[in-house]
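>>> all I have is the shape, not the residue letters:
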């Protein structure tokens, strides 16, 4: 299931950098959990309530550089799911 990801710069770096995102703003995630609660998860997914927000901080050693590039990794724990459910990479 593709989940939306929002990436933002940390407050201390706003105005000092422009954020450019290459690639998709969605990540594939699969879920495991009890069949009795599938409806709750499905409803949250349909309403767009399962999203990941990532705040990107530029390390201090790069503050004087004109360009900073980073790959963003989203850990399963960052995916908000109802109790009893676990996200994982497919």
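Done, it's in. All values reported here derive from a predicted model rather than from experimental measurement. Numbering: from 1, shown residues only.
>>> what sits closest to residue 21 if chain neighbours are left out?
residue 7 (6.1 Å; CB to CB, 6 or more residues apart in numbering). To be clear about C-beta, it is placed using only N, CA and C from the backbone, and glycine gets the same treatment.
>>> what helix or strand does the one you found sit in?
Using DSSP states H and E, residue 7 sits in strand 2-9.
>>> after that strand, next one along is what?
With DSSP H and E, the next secondary element past strand 2-9 is strand 26-28.
>>> what's that next one packed up against?
Counting contacts by 3 or more CB pairs under 8 Å, 6 or more residues apart in numbering; DSSP states H and E, strand 26-28 packs against strand 2-9.
>>> low-confidence ranges, the protein, go.
89-90 (pLDDT under 70).
>>> from the contact counts, what lies against the strand holding residue 7?
Using 3+ CB pairs under 8 Å, 6+ apart: strand 2-9 touches strand 26-28, strand 52-56.
>>> make CSV from those and add distance to residue 37 and mean neighbour count to it.
Shown next, in CSV, are these (distance: least, CB to CB, whole Å; neighbours: other CB atoms under 10 Å):
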stretch, distance to residue 37, mean neighbour count
strand 26-28, 21, 14
strand 52-56, 20, 14
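>>> need these in TSV (columns: distance to residue 20).
Below are these laid out as TSV (distance: least, CB to CB, whole Å):
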stretch	distance to residue 20
strand 26-28	17
strand 52-56	11
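>>> closest to residue 44 out of these?
Of all the helices and strands packed on strand 2-9, it is strand 52-56 that lies closest to residue 44, at 13.2 Å by CB to CB.
>>> ok now do residue 62, which residues does it touch?
Contact analysis of residue 62 by CB atoms under 8 Å, 6 or more residues apart in numbering lists residue 68.
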